[in-house]
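Novice: Next comes the sequence, and after it the predicted model I'd like to discuss.
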Amino acid sequence: MAELQAVGSVKKLNNQNYNTWSTCMESYLQGQDLWEIVAGSETTPLDNDQALQKWKVKAGKAMFAIKTSIEEEMLEHIRRADTPKAARDTFATLFSKKNNVRL
């Protein structure tokens, strides 16, 4: 896999730009071959040490991409997320609640 490219061109997630951030991050993660890890379609392998190690590396890269593309105050929401999917789901839930409150 190629080296992880900087997420610098994606505006960092804040309280007002979740939809734009989410769309841009999905494209970025697809380009880095990490989207399946974040979306949850590539799950943790249970029976193969080599596959598990490869998954952990990809998951680590995905978490790094997510954590470096959010404002510092957003980090608290995903500090305990143990997978990139958990981090993504946390933000999706958080911001869907905020959007419902605004309606």
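Specialist: Yes, it's here. Computed from a predicted model, the values in this text were never measured in an experiment. Numbering: from 1, shown residues only.

Novice: quick one: the helices in the protein?
Specialist: Taking DSSP state H as the criterion, the chain carries its helices at 18-31, 35-39, 49-67, 72-78, 84-102.

Novice: Need the winner for burial among those helices.
Specialist: Between the helices of the chain, helix 35-39 has the highest mean count of neighbours, a mean of 20, where neighbours are mean count of other Cβ atoms under 10 Å. From N, CA and C alone the C-beta is placed, and that goes for glycine too.

Novice: Show me what that one is in contact with.
Specialist: With contacts defined as Cβ atoms under 8 Å, 6 or more residues apart in numbering, helix 35-39 is touched by 26, 29, 42, 55, 58-59, 62, 66, 83-85, 87-88.

Novice: Need the residue closest to the centroid of the protein.
Specialist: The centroid of the chain falls nearest to residue 66 when counting by Cα atoms, centre = their mean (4.3 Å).

Novice: where does the protein have low pLDDT?
Specialist: For the chain, residues meeting the criterion pLDDT under 70 lie at 1-6, 98-103.
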